[in-house]
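Asks: what's the 3D shape of this:
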Amino acid sequence: MKAVIIGGVAGGASAAARLRRLDETAEILIFERSGYVSYANCGLPYYIGGTIQDRRALTLQTPESFWNRFHIDVRVRHEVTGINRGRKTVTVRNLATDEVWEESYDKLLMSPGAVPVKPELPGVESRRIRTLRTVEDTFGIRETVIKEQVRSAVVIGGGFIGVEVAENLQKLGLIVSLIQRSDHILAPLDADMASFLHAHMRKNGVELLLKKTVTGFEESEDGIIVGLEGESPLLADMAILAIGVLPESGLAKEAGLTLGVRGSIVVNDHMQTSDPDIYAVGDAVSVTHSVTKEKAVIALAGPANKQGRIAADHMAGLDVAYQGSPGSSILKVFDMTAAFTGLNEKSARAQGLSYEKVILSPASHASYYPGGKTMTLKLLFEQQTERILGAQIVGFDGVDKRLDVIATAMQAGMKVTGLKDLDLAYAPPYSSAKDPVNMAGFVAENVLTGQVRQFFYEDLEELPRDGSVILLDVRSGGEYEGGHAEGFETHIPLDRLRERMKELEREKPVYVMCQSGLRSYIACRILTQAGYVCHNFAGGYRLYESIRDDRFDENAMFCSAASLS
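Replies: Down below sits the predicted model:
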């Protein structure tokens with residue numbers, strides 16, 4: 001068998017190595033348009049900022065190492081310009097010599113990746129505007145910053161690349177502005193969860209300009225002028241376009257292969273295209289979203305690697321199938337971490353799902369052990385089936401562990417209440433006896449069984465201010481004086497609630513807030529059993545303050561969440 005692979009990096013390189021492990025006799029060729037066949041594309045922004053200092057560390061394999069270990073023929077700076085399905089050949093151009101020829105194949109695998117979106121705006125072709133996709137892009141940005149003594153930059157787009165590039169340019173000492181068209185960065189997060197990252201980025205010196213639309217660019221003697229709709233323009237030394245990517249499916253389209261959502265290449269569970277001898281993997285394909293069961297483009301390195309393995313297995317005659325992806329992702333934002341999997345509220349509503357959510361603020365490890373930090377965990381689940389739909393976690397330590405546990409539970413088909421029964425590793429430096437994942441299961445069970453009624457930030461405007469309901473804050477006096485939610489004028493510390501309960505009119509519904517949601521839950525249990533109708537504010541004043549003011553106490557540690565169950 002002769003296998004030709006178009007494109008390396010995650011999907012193509014992993015497919016080539018796997019195919020060789022399965023078939024020593026196969027002839028395997030990789031054609032890669034750039035100068036690097038296998039590189040850590042997720043690490044590119046960190047070379048710009050200097051966290052990764054040796055550019056060689058970005059290169060995972062070279063043509064020489066591929067040949068020495070796997071006897072795979074890798075040809076970099078070679079572009080495949082056409083697929084000739086009838087003849088089972090590809091047209092190849094050597095970008096160094098301009099030589100063109102046709103290469104035959106028995107099986108063809110496409111791993112072309114995605115291309116940065118470049119909007120049709122005036123001045124967008126300016127040399128001062130860059131995108132980040134390849135190793136060469138990375139080297140070019142860093143060299144420009146250093147050689148031209150760049151002092152300021154505007155990043156357009158608040159997705160993964162935009163946020164990471166903004167952080168790393170700021171670490172180089174640049175004055176950085178990040179422009180985002182929507183009301184929050186990182187579309188997989190809901191706005192309430194993204195608010196913590198807004199506060200943290202601003203604290204670290206990045207100017208966030210949300211709900212702003214770029215209208216065009218203009219070069220001047222002093223740099224690049226970025227026009228904003230209804231706003232004064234920005235002036236910077238350089239601009240980075242990071243407004244998203246699109247599947248690079250031009251070759252597939254020209255070859256007559258079936259395309260799908262967002263112009264992606266349609267593949268089956270074996271990663272075969274509409275031509276059974278042509279496979280496709282990575283950012284250019286649409287796969288089954290494991291929660292919605294619909295086709296989606298999931299441009300992530302983990303899925304691309306798995307898809308490459310699946311394609312190679314199937315080429316070698318193994319009966320395997322790709323299981324889909326919930327889009328589990330994680331991102332470093334300075335020293336904070338944001339992680340998410342499955343659906344957020346916007347996507348759950350778009351699916352027409354009847355869902356519930358819980359928001360809690362557990363500690364990363366036992367509160368009595370030094371160094372713990374609070375994380376915020378948001379979990380979505382179906383009311384009737386108890387199916388976990390998605391999770392979002394923002395914090396400092398231990399976020400990755402909890403997100404991975406929930407993603408695993410989702411893939412295993414566990415119900416949300418099953419999270420409370422997971423037997424997870426515990427020692428005071430790492431967790432609590434009731435892990436945050438267990439706590440999410442406890443809270444979800446309380447919601448499903450009616451042990452707690454919740455209300456959320458978006459409900460606050462609708463609460464009556466005519467005295468027909470009681471808006472109660474149960475934090476300490478010092479906390480309350482330091483700031484409280486608008487309208488929450490009734491203040492009774494939790495530890496005095498039983499003795500002062502008579503101050504509350506029993507016929508009025510009570511809406512309770514505390515700092516994290518724990519004490520307000522306990523207050524609701526006390527009041528409910530005394531005959532009151534009580535509602536607990538999910539996420540606490542900490543979440544309220546973050547959403548309203550882009551501010552929260554990063555050093556706050558709350559009491560153990562054990563009694564929340």
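
Asks: nearest spatial neighbour of Y541, skipping sequence neighbours?
Replies: Q515 (5.2 Å; CB to CB, 6 or more residues apart in numbering). In short, each C-beta sits where N, CA and C put it, glycine included.

Asks: my guess is that neighbour meets R475, correct?
Replies: Yes. Under the criterion of CB atoms under 8 Å, Q515 makes contact with R475 at 5.5 Å.

Asks: list the residues that contact both of those two?
Replies: Listed as contacting both Q515 and R475 by CB atoms under 8 Å, 6 or more residues apart in numbering are Y541.

Asks: which element is H200 on?
Replies: Assigning secondary structure by DSSP states H and E places H200 in helix 191-203.

Asks: let's see that helix as CSV, backbone CA atoms only.
Replies: C-alpha atoms of helix 191-203 as CSV (Å, rounded to 0.1, in the frame of the first residue of the first chain):
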residue,chain,number,x,y,z
ALA,A,191,-20.6,35.6,30.0
ASP,A,192,-20.9,35.1,33.8
MET,A,193,-17.9,32.7,33.8
ALA,A,194,-15.8,34.8,31.4
SER,A,195,-16.2,37.8,33.8
PHE,A,196,-13.5,36.4,36.1
LEU,A,197,-11.1,36.3,33.2
HIS,A,198,-12.0,39.9,32.2
ALA,A,199,-11.1,41.0,35.7
HIS,A,200,-7.9,39.0,35.7
MET,A,201,-6.7,40.2,32.3
ARG,A,202,-7.3,43.8,33.2
LYS,A,203,-5.5,43.4,36.5
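
Asks: how far off centre is the helix or strand just after it?
Replies: Sequence-wise, the next helix or strand downstream of helix 191-203 (DSSP H and E) is strand 207-210. In this view, strand 207-210 has its centroid 19 Å away from the chain centroid, taken as CA atoms, centre = their mean, to the nearest Å.

Asks: what comes up buried for strand 207-210?
Replies: 208-210 (16 or more other CB atoms under 10 Å).

Asks: likewise for stretch 127-138?
Replies: By neighbour count on 16+ other CB under 10 Å, the buried set for stretch 127-138 is 128-135, 137-138.

Asks: widest-spaced pair of these?
Replies: R128 and V135 (20.9 Å; CB to CB).

Asks: quick one: low-confidence ranges for the stretch 301-450 of the chain?
Replies: Filtered on pLDDT under 70, the stretch 301-450 of the chain yields no residues whatsoever.

Asks: show me where it has its helices.
Replies: Assigned helices in the stretch 301-450 of the chain, in chain order: 301-315, 345-350, 399-411, 436-448 (criterion: DSSP state H, counting those that start in this stretch).

Asks: V145 is nearest to which of those helices?
Replies: For the helices of the stretch 301-450 of the chain, proximity to V145 was assessed by CB to CB; helix 301-315 is nearest, at 25.3 Å.

Asks: mind giving me the packing neighbours of the closest one?
Replies: helix 9-22, strand 107-110, strand 278-280, strand 285-288 (3 or more CB pairs under 8 Å, 6 or more residues apart in numbering; DSSP states H and E).

Asks: need these in JSON lines (columns: mean neighbour count and distance to S65).
Replies: Converted to JSON lines, these look like this (neighbours: other CB atoms under 10 Å; distance: least, CB to CB, whole Å):
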{"stretch": "helix 9-22", "mean neighbour count": "24", "distance to S65": "11"}
{"stretch": "strand 107-110", "mean neighbour count": "28", "distance to S65": "20"}
{"stretch": "strand 278-280", "mean neighbour count": "28", "distance to S65": "24"}
{"stretch": "strand 285-288", "mean neighbour count": "24", "distance to S65": "27"}
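
Asks: for H365, find the nearest of those.
Replies: Nearest of the helices and strands packed on helix 301-315 (CB to CB): helix 9-22, 33.1 Å.

Asks: for whichever helix or strand comes after that closest one, which positions count as buried?
Replies: Toward the C-terminal end, the helix or strand that comes next after helix 9-22 (DSSP H and E) is strand 27-32. Neighbour counts over strand 27-32 (16+ other CB under 10 Å) mark 28-32 as buried.

Asks: what's around the residue nearest to G477 when sequence neighbours are not counted, how many residues?
Replies: The shortest distance from G477 to any non-neighbouring residue, by CB to CB, 6+ apart, is to P493 (6.6 Å). Other residues within reach of P493, judged by other CB atoms under 10 Å, total 18.

Asks: I'd say A191 and I185 touch.
Replies: No. Assessed by CB under 8 Å, A191 is found out of contact with I185, at 9.6 Å.

Asks: so V150 is in which element?
Replies: Counting by DSSP H and E, V150 is part of no helix or strand.

Asks: make a markdown table out of the buried residues of strand 27-32 and add distance to V285.
Replies: Shown next, in a markdown table, are these (distance: CB to CB, whole Å):
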| residue | distance to V285 |
| --- | --- |
| I28 | 20 |
| L29 | 21 |
| I30 | 18 |
| F31 | 18 |
| E32 | 18 |
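
Asks: distance to A409 and pLDDT added to the residues you listed, as TSV?
Replies: Shown next, in TSV, are the buried residues of strand 27-32 (distance: CB to CB, whole Å; pLDDT from 0 to 100):
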residue	distance to A409	pLDDT
I28	38	98
L29	41	98
I30	37	97
F31	41	97
E32	38	95
